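K.L.:
kindly return the folded structure for what I paste below:
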Amino acid sequence: MKQQGEKLMSWNDCKRLPWNLILLLGAGFAIADGVQSSGLADVLSRALDFLEDAPYLAIVPAVSLICSIITEFITSNDATATLLVPLLYHIARTMHVHPLLLMVPGGIATEFAFWLPTSTPSNVVGFATGHIEIKDMLKVGVPLKVAGIVVLSLLMPSLGTFVFGTNTGS
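P.N.:
Numbers count the residues shown, from 1 in each chain. This is a model prediction of the structure:
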């Protein structure tokens, strides 16, 4: 239990934190906020109007793959979800499908962040211990991501429509 005036963390504890990874995660959140506040998210949504004619069964795997890949190379899963879920809402409305049919797989796919330390804060914690290397994360993460995308792509158009009470019409 913390005593009055007792510090939560000493300077030595603070120096041992993986600041390079913490700053990288913070940058991802800043990018997501900038895309939203600048109006770029609306521009991207309008640029994807061509998806209106795409079949829904092809869109779910594409959305899942794109969302899960962005978490690995561009920004963390939290920032990716913050950026992409509103975009997926607009895309679904453009396609005249229920928004949950794209938002749910997109949101879940951002959680398939297994490859790199910067993909999600929990990966940072594991990587910072020094006991896990990136090659180990890739060895386990690649099959998990592929399996997750396949299962999500099969379940959302079938079981997902039953669970969420949606159909392909909006």
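K.L.:
phi, psi of the residue nearest the centre of the chain?
P.N.:
Geometric centre of the chain, nearest residue: Thr110, 2.5 Å, by CA atoms, centre = their mean. When read as degrees, to the nearest 10, the backbone of Thr110 gives phi -70, psi -20.
K.L.:
same check, this time on Glu133
P.N.:
Torsion angles, degrees, to the nearest 10, at Glu133: phi -110, psi 160.
K.L.:
all the helices of the protein, residue numbers only.
P.N.:
11-15, 19-38, 40-47, 56-73, 77-95, 100-109, 121-128, 134-155, 161-163 (DSSP state H).
K.L.:
now the fifth one: buried residues?
P.N.:
Just to be clear, that refers to helix 77-95. By neighbour count on 16 or more other CB atoms under 10 Å, the buried set for helix 77-95 is 77-92, 95. To be clear about C-beta, it is placed using only N, CA and C from the backbone, and glycine gets the same treatment.
K.L.:
for the protein, what helix or strand is lowest in average pLDDT?
P.N.:
The helix or strand of the chain with the lowest confidence, counting by mean pLDDT, DSSP states H and E, is helix 40-47 at a mean of 69.
K.L.:
residues touching Gly5, list them.
P.N.:
By CB atoms under 8 Å, 6 or more residues apart in numbering, no residues touch Gly5.
K.L.:
what's the spacing between it and Cys14?
P.N.:
18 Å (CB to CB, to the nearest Å).
K.L.:
and Val146, by the same measure?
P.N.:
39 Å.
K.L.:
again with Ala27
P.N.:
Counting by CB to CB - Ala27 and Cys14 are separated by 20 Å.
K.L.:
likewise for Leu144?
P.N.:
Taken as CB to CB, the span from Leu144 to Cys14 is 33 Å.
K.L.:
one more: Ile91?
P.N.:
Where Cys14 is concerned, Ile91 sits at a distance of 43 Å (CB to CB).
K.L.:
do Ser64 as well
P.N.:
38 Å.
K.L.:
now for Gly148, how many residues are close by?
P.N.:
Residues near Gly148, counting by other CB atoms under 10 Å, number 17.
K.L.:
which residues are in contact with it?
P.N.:
64, 68, 109, 112.
K.L.:
scan those residues and report the most crowded one.
P.N.:
Busiest of these [other CB under 10 Å] is Ala109, holding 30 neighbours.
K.L.:
shouldn't it be in contact with Val150?
P.N.:
No - with contact defined as CB atoms under 8 Å, Ala109 does not count as touching Val150 (11.4 Å).
K.L.:
neighbours around the residue lying closest to Leu144 once chain neighbours are set aside, how many?
P.N.:
The shortest distance from Leu144 to any non-neighbouring residue, by CB to CB, 6 or more residues apart in numbering, is to Phe114 (5.1 Å). Counted with other CB under 10 Å, the neighbours of Phe114 add up to 20.
K.L.:
thank you kindly, that will do.
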